[in-house]
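*Asks:* no sequence on this one, just coordinates:
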């Protein structure tokens, strides 16, 4: 099983005891504001989502990690890689995404987690490019994408929610150049 560690986080596969804390994250309207149509999710929807994420690990060799705070063992949310089937015009592609509970916002945790996942995607899984997709207006997510070295490449409409989205992209060549110059 793949586990990634950063200075403050452990990115790991999902456990049964993660369902309730992730359901609490998904039940927060402010957290879900920028996700699809903004609807919150209940515990059963969260459980189904986690099962789907785990299935993606088996079929793709990557997926969404549970993000655990190292110092407390608390589940903060998720980050990871997935195929953005909901936006066929960008396929083939692999997307890096994240969702953290509000109590974990503003401390750089999403950037720390996503950077570890981008490294995993390029270095361990040999991906050629990674995209990230956010609704227009979600400035916090766009700042994370920029910190990851990603650049906007298109704006379109998400057919599953009808909202405008912006697609950011980072190629493996750009990643190598960026990591070489920052070491």
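*Replies:* Thanks, I have the structure now. All figures in this text were calculated on a predicted structure; none of them were measured in a lab.
*Asks:* From now on I want contacts and neighbour counts done on CA atoms only, so please keep to that.
*Replies:* OK.
*Asks:* And stretch 63-73, end to end?
*Replies:* Start to finish, the residues bounding stretch 63-73 are 21 Å apart (C-alpha to C-alpha, to the nearest Å).
*Asks:* Name the residues of that stretch that are buried.
*Replies:* 63-69 (16 or more other C-alpha atoms under 10 Å).
*Asks:* In the chain, what residue spans correspond to helices?
*Replies:* Taking DSSP state H, the helices of the chain run over residues 19-26, 29-32, 43-60, 109-119, 139-147, 172-182.
*Asks:* I'd like the mean pLDDT over the fourth one, please.
*Replies:* Taken as a whole, helix 109-119 has a mean pLDDT of 98.
*Asks:* The fifth one too?
*Replies:* Looking at helix 139-147 alone, the average pLDDT works out to 97.
*Asks:* Which of the buried residues of stretch 63-73 sits closest to residue 14?
*Replies:* Distance to residue 14 across the buried residues of stretch 63-73 (C-alpha to C-alpha) is lowest for residue 66, with 5.7 Å.
*Asks:* just to revisit the earlier point, quick one: which of the helices of the chain is nearest residue 77?
*Replies:* helix 19-26 (6.1 Å).
*Asks:* Compute the inter-axis angle for that closest one and helix 43-60.
*Replies:* Here the directions of helix 19-26 and helix 43-60 differ by 100 degrees (axes from the mean of the first three to the mean of the last three C-alpha atoms, to 10 degrees).
*Asks:* quick revisit: can you list the helices of the chain in JSON lines and add mean neighbour count and distance to residue 6?
*Replies:* JSON lines is the format used below for those (neighbours: other C-alpha atoms under 10 Å; distance: least, C-alpha to C-alpha, whole Å):
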{"stretch": "helix 19-26", "mean neighbour count": "20", "distance to residue 6": "20"}
{"stretch": "helix 29-32", "mean neighbour count": "16", "distance to residue 6": "23"}
{"stretch": "helix 43-60", "mean neighbour count": "15", "distance to residue 6": "20"}
{"stretch": "helix 109-119", "mean neighbour count": "21", "distance to residue 6": "7"}
{"stretch": "helix 139-147", "mean neighbour count": "17", "distance to residue 6": "16"}
{"stretch": "helix 172-182", "mean neighbour count": "12", "distance to residue 6": "16"}
